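Asks: one predicted model, sequence on top.
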Amino acid sequence: MKYIVLVGDGMGDFPLKELSGRTPLEVATTPGMDFLAQHGEMGLVQTVPQGMSPGSDVANMSLMGYPPQEKYTGRGPIEAASLNIPMRPEDVAFRCNLVTLKKVGTNLIMEDYSAGHISTEEARILIEDLNRELSTDKLELFCGKSYRHILLWRGGPEGLRTFPPHDLIGKNIYHAWLAYKEEPMLRDFLIRAIKILEKHPVNQRRVQENKPPANALWPWGQGRIPLLEPFSEKWGLSGAVVAAVDLIKGLGVLAGLEIIEVEGATGYLDTNYEGKALAAIEALKKHDFVFLHVEAPDEAAHQGSIELKIKAIQDFDRYVVRTILEEAAANFSEYRILAVTDHLTPIPLRTHSSKPVPFVIFDSRDEDIKRSEGFSERTAQGSGLFIPDGQTLMIRFLQKEPRLPQE
């Protein structure tokens with residue numbers, strides 16, 4: 001048996017008046033996911049434990065079968081694992097965005113959490129130059145992809161209450177910035193970074209091209225390195241991860257899964273959807289399990305674009321889900337597919353929601369059974385099936401209980 005998890009990040013939404021009370025999932029043309037729903041088991045799953053922030057870090061850790069309330073320490077150290085950044089138990093890693101701040105009257109506004117989805121090439125120049133001027137034996141930047149980077153604080157504190165920049169879009173950052181004032185070393189690092197970035201040739205060129213400048217660093221999601229038992233030991237299966245973003249790859253590294261790199265996988269709407277699907281099928285030829293993640297719907301929702309979100313969902317369905325269905329049928333005699341979104345990213349909020357999310361489990365052995373009409377939040381709710389957490393969903397999907405650590 002082969003097991004395939006397909007995650008469309010942030011696909012779920014609220015009913016929108018612009019769509020006559022329907023969600024983007026209901027409006028989008030998704031024959032692949034609809035086929036899974038028609039012949040699979042639909043339901044809702046609570047990926048975000050009560051009281052925890054509905055981030056992709058918490059939600060995807062849950063979907064991989066690890067209880068976040070027990071294992072989660074922060075987003076930063078997960079992404080640091082993807083970048084192979086050495087961390088001691090006493091070190092703290094922050095996810096660190098390149099962002100665009102804008103002065104509006106007396107307020108400083110978070111105009112863009114991604115600095116216009118700055119290219120990795122431009123970002124690398126900025127991060128390297130910042131390190132040259134600012135890094136110490138305590139604080140150091142590490143370059144990731146696009147706007148997503150890591151700030152490592154060796155021996156640093158982890159108690160700061162930081163805020164994700166995508167939660168601050170269009171808002172005054174004054175109160176969120178207060179967290180950095182609690183730590184003078186960090187505050188001074190960030191202020192000096194702003195002065196360098198404002199005058200940097202990369203940003204001057206971006207302004208001339210009418211692109212948002214990457215004029216500030218925004219550290220958040222900090223924590224010490226988490227400890228996850230290997231996926232192979234917990235579930236008795238070998239596996240791989242196919243993803244563009246360091247967060248998902250970092251979860252895979254911490255779980256001992258093989259990380260499959262795909263050329264053209266960007267973590268944005270221009271990602272290589274089909275290449276990721278084909279890479280997942282190839283990985284399944286030597287593994288039992290693959291976790292395939294696509295970031296694009298979430299990015300569109302953060303931008304507040306209904307049109308782009310529908311397009312991202314349709315591309316996910318056309319180039320990932322349908323490719324997986326065709327190739328799995330051609331290559332494997334028995335397989336199960338779990339299609340799911342990690343969290344809702346409602347267009348009206350432009351950030352994440354902790355409400356339950358739709359999922360479907362399809363088994364190639366039960367293809368002749370006709371069930372739900374199509375894949376959406378409404379059909380999932382109408383199924384009457386509710387799964388309380390990600391580990392319970394993984395148990396249902398894999399049809400086995402996790403092994404206890406001492407076994």
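Replies: Sure thing, it's come through. Numbering: from 1, shown residues only.
Asks: ranges for the strands of the stretch 101-250 of the chain?
Replies: With DSSP state E, counting those that start in this stretch as the criterion, the stretch 101-250 of the chain has strands at 107-112, 139-145, 148-153, 216-223, 239-242.
Asks: which among these is found nearest to His287?
Replies: Of all the strands of the stretch 101-250 of the chain, it is strand 239-242 that lies closest to His287, at 5.1 Å by Cβ to Cβ. Just so you know, the C-beta spots here come from the backbone N, C-alpha and C atoms, and that holds for glycine as well.
Asks: mind giving me the packing neighbours of the closest one?
Replies: Under the contact criterion of 3 or more Cβ pairs under 8 Å, 6 or more residues apart in numbering; DSSP states H and E, strand 239-242 touches helix 246-254, strand 258-260, helix 273-284, strand 289-294.
Asks: reformat the ones you listed as JSON lines; add mean neighbour count.
Replies: Shown next, in JSON lines, are the helices and strands packed on strand 239-242 (neighbours: other Cβ atoms under 10 Å):
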{"stretch": "helix 246-254", "mean neighbour count": "26"}
{"stretch": "strand 258-260", "mean neighbour count": "17"}
{"stretch": "helix 273-284", "mean neighbour count": "21"}
{"stretch": "strand 289-294", "mean neighbour count": "27"}
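Asks: any chance of the ones you listed in TSV, plus distance to Phe35 and mean pLDDT?
Replies: Formatted as TSV, the helices and strands packed on strand 239-242 follow (distance: least, Cβ to Cβ, whole Å; pLDDT from 0 to 100):
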stretch	distance to Phe35	mean pLDDT
helix 246-254	25	96
strand 258-260	25	98
helix 273-284	15	98
strand 289-294	17	98
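Asks: and those as TSV, adding distance to Phe362?
Replies: Formatted as TSV, these follow (distance: least, Cβ to Cβ, whole Å):
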stretch	distance to Phe362
helix 246-254	22
strand 258-260	22
helix 273-284	15
strand 289-294	14
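Asks: any idea which of these gets closest to Ala80?
Replies: When those are compared (using Cβ to Cβ), the closest one is helix 246-254, at 6.9 Å.
Asks: which other helices and strands contact the closest one?
Replies: For helix 246-254, the packing partners by 3+ Cβ pairs under 8 Å, 6+ apart come out as helix 56-63, helix 75-82, strand 239-242, strand 258-260, strand 289-294.
Asks: within the sheet, what are the partner strands of the shortest one, with directions?
Replies: This points to strand 258-260. Next to strand 258-260 in the sheet, as set by DSSP bridges, lie strand 239-242 (parallel).
Asks: ok, Tyr335 - contacts?
Replies: By Cβ atoms under 8 Å, 6 or more residues apart in numbering, the contact list for Tyr335 reads Met1, Lys2, Tyr3, Ile4, Leu284, Ala328, Ser364.
Asks: please read the previous query as pertaining to Ser372.
Replies: Neighbouring residues of Ser372 by Cβ under 8 Å, 6+ apart: Ala37, Gln38, Gly40, Met42, Val360, Thr379, Gly382, Ser383.
Asks: domain parsing for the protein?
Replies: The record's domain split for the chain, according to automatic domain parsing, is 2-72+227-398, 92-223.
Asks: just name the most buried of these.
Replies: The highest mean neighbour count among the domains of the chain, using mean count of other Cβ atoms under 10 Å, belongs to domain 2-72+227-398: a mean of 21.
Asks: and that domain, end to end?
Replies: End-to-end span of domain 2-72+227-398 (Cα to Cα, to the nearest Å): 9 Å.
Asks: can you pull the pLDDT of the most centrally placed residue in the chain?
Replies: By Cα atoms, centre = their mean, the chain has its centre lying nearest to Ser56, at 4.4 Å. Note for Ser56: predicted pLDDT of 95.
Asks: which ones are touching it?
Replies: Asp9, Gly10, Leu247, Ile248, Asp298, Asp342, His343, His352.
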